[in-house]
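Trainee: Make a model of this:
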Amino acid sequence: MYSFILKCFLLSSLCFMAKPNKKYHPLFVTVTEIEHNAKQKTLEISCKIFTDDFEKALRAAYKIKIDLLDPKQKITMNNLVNDYVEKHLKISVDGKATFLKFVGYEKIEEGIYSYFEIINIPSLKKIDITNDLLYEYKIEQMGLIHVTVGGKRQSTKLSNPEKNVVLIF
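Mentor: I've put the predicted structure just below:
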């Protein structure tokens, strides 16, 4: 997986150098991390999305002015981020649908990190994930998913239109 990320980085660096006078965004990727917290009996979830891509996708979806970094719009933006991610990220644990509880979001470097949790998950053997974050925004969109349960990590890459994965622990 790390070699894939390194290749993506090198490819995007080459593309950037090839077009120095133009804004160029060669990589359209989201990263979803899911970690089982056995002590708290929760799944802790973060979704990392490039800020500019996320704002454009939200503008297209909701047809309103979007500024994820404007403190005056924080309540509205919280609601939109929560609504958007809930529509585009579905998780079932051991065959049962779950509910994503929104915790919040923040900007870190070039991205927006949104945080969710799923409560009452004492253990899990199978996780079904449907992830099509930003698929309507760019046909080239892909999603990296990392899931950690009991210290064991599994990762996968979904490329638009592929949006479903099942992981067994």
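
Trainee: From Tyr84, how far off is the residue minimising distance to the centre of the chain?
Mentor: Residue closest to the average C-alpha location in the chain (C-alpha atoms, centre = their mean): Cys47, at 3.2 Å. Distance of Cys47 to Tyr84, computed by C-beta to C-beta, to the nearest Å: 10 Å. C-beta: built from backbone N, CA, C; applies to glycine.

Trainee: Beyond the helix or strand of the chain with the lowest mean pLDDT, next helix or strand please.
Mentor: Lowest by mean pLDDT, DSSP states H and E among the helices and strands of the chain is helix 2-18, with a mean of 40. The helix or strand immediately downstream of helix 2-18 is strand 29-37, counting by DSSP states H and E.

Trainee: What are the buried residues along that next one?
Mentor: Of the residues in strand 29-37, 29-34, 36 count as buried by neighbour count, 16 or more other C-beta atoms under 10 Å.

Trainee: Can you name the next helix or strand after it?
Mentor: Scanning forward in sequence from strand 29-37 by DSSP H and E, the next helix or strand is strand 42-50.

Trainee: list the contacts for the residue nearest to the centre of the chain?
Mentor: Cys47 makes contacts with 30-32, 85, 89, 113-114, 116, 133, as judged by C-beta atoms under 8 Å, 6 or more residues apart in numbering.

Trainee: Reformat those into a markdown table and put pLDDT and distance to Leu43 next to each item.
Mentor: Listed next are the contacts of Cys47 as a markdown table, based on pLDDT from 0 to 100; distance: C-beta to C-beta, whole Å:
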| residue | pLDDT | distance to Leu43 |
| --- | --- | --- |
| Thr30 | 98 | 17 |
| Val31 | 98 | 16 |
| Thr32 | 98 | 11 |
| Val85 | 98 | 14 |
| Leu89 | 98 | 12 |
| Tyr113 | 98 | 16 |
| Ser114 | 98 | 14 |
| Phe116 | 98 | 8 |
| Leu133 | 98 | 17 |
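
Trainee: Fine by me, we can end here.
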